[in-house]
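Enquirer: have a look; sequence and predicted model below, questions after that.
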Amino acid sequence: MYDLKIVGGTLVDGTGKDRYPGDVGIKDGKIVAVGKCDESAAETFDADGAIVAPGFVDIHTHYDGQISWDEELAPSSIHGVTTCAMGSCGVGFAPVRPTDHAKLIELMEGVEDIPGTALSEGISWGWESFPEYMDVLDRMPHTIDFLAHVPHDALRVYIHLVVPLSFLQTGYIAIRDRDSIDWGLLLKRVLPLMLLGMGFAFFLLTKVGGPWLGLAFGIMVLLLSARDLYQLRFATAGLEKPISRPASAAAMFGAGVVHGIYASGGPMLVYAIGREGLPKKVFRSTLSMVWILLNVILVTRFMLAGDYDQEVVLDVLLLVPAVPLGTVLGEWVHHKVDERTFKLAVLALLMAAAISLIVRYSAQLL
């Protein structure tokens, strides 16, 4: 005997075959029969004239705030959606410091045009970390299931404390290997071209959608790194010779563009400097000096914005012991790995980063 039987409906079962008339038998909260259901039921629902189908999964929603006060998640739930995915487009509300609530609301309003007044009045907060956010939501009743991506914009707001830590690691390398820094490359080409690229990025953002730029960047890095990885792995020559000046300038300018839009120009800059034909020691020290100079700008901006309060300073101090451990591991790898293996690893990581970007921004455009 079924607990519930849905009769008289037109079944669209999700397998791809044509719709057909039939019944659905449900017992203990599970579908146990589809099509011809001869057993009786404790409750019968007449679905005559209606389509009976599995619930839809809405893979791109922005219920990140609404879900904290609305158990129905309309309009998705009234359209047949039984599972929704949140955290799309990089915006969301966890992790978050108590002092950054307004910033994340402004980000959501700016990116998705969701009224900030509604979010400010509706969100009760009560969390800081992402697991805490999910725990708060899990304690609430909900009409449909949900899952959430960790939003990268919220991470970037939360992660201000990592920038000062990077000074310790990059500063150690830059000071120790200061005689190896290629100052000519750094001051005459890398920094000017990246700054020009960052300025151009601000202009691009007013003309072209961010996801399109991210997708184009990911494809470009994937093609370039795949080509160089193939040459290094199978060709007898090709990567020992530096790329042309115009190509190098284009890569550094492109790194500035991506850094201005996504604060993630590292992959392109690593590619550009890596193709300058520099010894591994010069490559590391010069790249470290780039991050020091760029992070000075970031830290100054964060300080002027009041992002470094006492709580952030304490968090930085708690994480300081992790820096020497990472530095020791990095030094061990540096001395154990030969230059060819080092280049292979860098190119492989670039390909992985590029694929991640392509997947992320393709999902945003679908």
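Expert: Done, it's in.

Enquirer: so, low pLDDT: which residues of the stretch 101-250 of the chain?
Expert: Applying pLDDT under 70 to the stretch 101-250 of the chain picks out residues 160-163, 202, 204-211, 213, 235-241.

Enquirer: longest strand in this structure, please.
Expert: Ranked by residue count under DSSP state E, the longest strand found in the chain is strand 2-11.

Enquirer: other SSEs contacting that strand?
Expert: strand 20-27, strand 30-35, strand 41-46, strand 51-52 (3 or more Cβ pairs under 8 Å, 6 or more residues apart in numbering; DSSP states H and E). (Glycine included, C-beta is placed from N, CA and C.)

Enquirer: what sits against residue 168?
Expert: For residue 168, the contacting residues are 320, 323, 327, taking Cβ atoms under 8 Å, 6 or more residues apart in numbering as the criterion.

Enquirer: helix or strand: which one has the second one?
Expert: Spelled out, it's residue 323. Per DSSP states H and E, residue 323 falls inside helix 322-336.

Enquirer: quick one, which of the helices and strands packed on strand 2-11 is nearest to residue 194?
Expert: Relative to residue 194, the nearest member of these by Cβ to Cβ is strand 51-52, separated by 55.4 Å.

Enquirer: after that closest one, next one along is what?
Expert: Assigned by DSSP H and E, the successor of strand 51-52 is strand 56-58.

Enquirer: could I get the average pLDDT for the longest strand of the chain?
Expert: The pLDDT scores in strand 2-11 average 93.

Enquirer: switch to numbering from 26
Expert: Okay, using 26 as the starting number, the last item reads as strand 27-36.

Enquirer: what's the residue closest to the geometric middle of the chain?
Expert: The geometric centre of the chain, computed from its C-alpha atoms, lies nearest to residue 177 (Cα atoms, centre = their mean), at 4.5 Å.

Enquirer: for the residue lying closest to that one once chain neighbours are set aside, what are its contacts?
Expert: Counting by Cβ to Cβ, 6 or more residues apart in numbering, residue 177 lies nearest to residue 115, which is 4.5 Å off, once chain neighbours are set aside. With contacts defined as Cβ under 8 Å, 6+ apart, the neighbours of residue 115 are 136, 176, 177, 178, 179.

Enquirer: pLDDT score for residue 115?
Expert: Predicted confidence (pLDDT) for residue 115: 84.

Enquirer: and of the contacts of residue 193, the nearest to residue 190?
Expert: Within the contacts of residue 193, distances to residue 190 taken as Cβ to Cβ reach their minimum at residue 348, with 5.8 Å.

Enquirer: show me the contacts for that closest one.
Expert: 190, 193, 194.

Enquirer: could you find the closest non-adjacent residue to it?
Expert: When the adjacent residues along the chain are set aside, residue 348 lies closest to residue 193, with 4.5 Å between them (Cβ to Cβ, 6+ apart).

Enquirer: tell me if the one you found really is in a strand.
Expert: No - Residue 193: not assigned to a strand; according to DSSP: H, G, I helix; E, B strand; the rest coil it is helix.

Enquirer: which residues are contacting the helix or strand harbouring residue 297?
Expert: For residue 297, the host element (DSSP H and E) is helix 291-299. Outside helix 291-299, the residues that touch it by Cβ under 8 Å, 6+ apart are 210, 215, 219, 242, 245-246, 249-250, 253, 273, 276-277, 279-280, 283-284, 308, 311-312, 315, 368, 371, 375, 378-379.

Enquirer: among those, name the ones in helices.
Expert: 210, 219, 242, 245-246, 249-250, 253, 273, 276-277, 279-280, 283-284, 308, 311-312, 315, 368, 371, 375, 378-379 (DSSP state H).
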